[in-house]
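Just a sequence and a predicted model for now, questions to come.
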Amino acid sequence: MVVSNIIKDRVLKTYSNLTTILPALITAALTLVAALAWNNAAQELINSIAPTEAENFWSKLFYALVITIIVSVILAQFSSPNITIN
């Protein structure tokens, strides 16, 4: 009886943890899929700008710089404190 209660409590705890963690994991996975899709689109855009030697070092460097600037601006917007003036 005591063992079955312990097992029941652990199963309920595990289920509770899964229902809390699973949506976050699914959201993270879908965000990764979206990021990879945007990555592919951005690479194609860079390749269309420099079609002759799109796979060379400079085009990849340009792509990395553009993405870094975009991500930095987005992260700066999210991390800036919300200032309200009354």
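Now that the structure is in, tell me what you want to look at.

Look at residue 13 and say how many residues are nearby.
Neighbourhood size, residue 13 [other C-beta atoms under 10 Å]: 10. Every residue, glycine included, has its C-beta placed from N, CA and C.

and it, what element?
helix 2-49 (DSSP states H and E).

Going along the chain from that helix, find the next helix or strand for me.
Using DSSP H and E, the helix or strand that follows helix 2-49 in sequence is helix 57-79.

which parts of that next one are buried?
59, 63 (16 or more other C-beta atoms under 10 Å).

same for that helix, what does it pack against?
helix 2-49 (3 or more C-beta pairs under 8 Å, 6 or more residues apart in numbering; DSSP states H and E).

Next, the angle helix 57-79 makes with the helix it packs on.
On the basis of axes from the mean of the first three to the mean of the last three C-alpha atoms, to 10 degrees, helix 2-49 is oriented at 130 degrees to helix 57-79.

Just the pLDDT for residue 54.
Residue 54 is assigned 48 on the pLDDT scale.

For residue 27, grab the count of nearby residues.
Neighbours around residue 27, by other C-beta under 10 Å: 10.

Please tell me how far it sits from residue 18.
According to C-beta to C-beta, to the nearest Å, residue 27 stands 15 Å off from residue 18.
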